[in-house]
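Asker: Need a 3D model of the sequence below.
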Amino acid sequence: MIDEIDGSILAILQYNARTSQAELAKAVGLAPSAVLERMRKLESKGIIRDYVALIDPHVVDRGLLAFVSVRTSEHGPDMPSAFELSRIPEVLEVHHVAGDDCYLLKVRARDAEHLGQLLRQQIASTPSVISTKTTIVLETVKEDPRIAIPKEKTLREDVVGAP
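Answerer: Next up, the predicted model:
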């Protein structure tokens, strides 16, 4: 579990990964060296996995967003098709899901023609893929990669059931 200071550091970095150590230190009430040490620990534990720039997909000609449900013939703990699907650059996310389908993909493409090519030439041709079902997004109301981080006190209250 992370403490409240780590939670504050993570929340700030999710909104601006370029926040300086001095700014972080001021925000959480620690010395910059202590913030650096906490960040290194968060990175080494895999809590902070990466630092990225969020790019407008329309600017890089990837304005079409689709979700593709994929059914495969795979059984058992190995998931070779999931790893194969994750290698397709336009596939942003691969989720192993419960239900009729095996995987749910988040895909960004130029347009419907490009999406069709991806579906035929790369996704459907992946070994063990039996079928796909595609949902094209007409409008995005919310898309945010940031995770809400509960405060330490809130976590403790949830665990012990305190009001």
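Asker: roughly how far apart are the residue most central in space within the chain and Tyr15?
Answerer: The residue lying closest to the centre of the chain (CA atoms, centre = their mean) is Pro145, at 5.9 Å. Distance, Pro145 to Tyr15, by CB to CB, to the nearest Å: 11 Å. For glycine as for every other residue, the C-beta is placed from the backbone atoms N, C-alpha and C.
Asker: And this structure, split by domain according to the record?
Answerer: 4-52, 64-136 (automatic domain parsing).
Asker: how many neighbours does Glu143 have?
Answerer: 10 (other CB atoms under 10 Å).
Asker: List the buried residues in stretch 103-113.
Answerer: Of all the residues in stretch 103-113, those buried under the rule 16 or more other CB atoms under 10 Å are 103-110.
Asker: per-residue confidence averaged over stretch 12-30?
Answerer: When pLDDT is averaged over stretch 12-30, the result is 95.
Asker: on that earlier part again, let me have the domains of the chain in TSV, adding distance to Pro150 as columns.
Answerer: Converted to TSV, the domains of the chain look like this (distance: least, CB to CB, whole Å):
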stretch	distance to Pro150
domain 4-52	7
domain 64-136	23
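Asker: Kindly state which of those is positioned closest to His58.
Answerer: domain 64-136 (9.7 Å; CB to CB).
Asker: now the closest one, how far from the chain's geometric center?
Answerer: How far domain 64-136 lies from its chain's middle: 16 Å, per CA atoms, centre = their mean, to the nearest Å.
Asker: Count the neighbours of Val94 for me.
Answerer: 22.
Asker: what's the spacing between the residue lying closest to it once chain neighbours are set aside and Tyr51?
Answerer: Excluding the flanking residues, the one nearest Val94 by CB to CB, 6 or more residues apart in numbering is Ser86, at 4.7 Å. Ser86 sits 21 Å away from Tyr51, taking CB to CB as the criterion.
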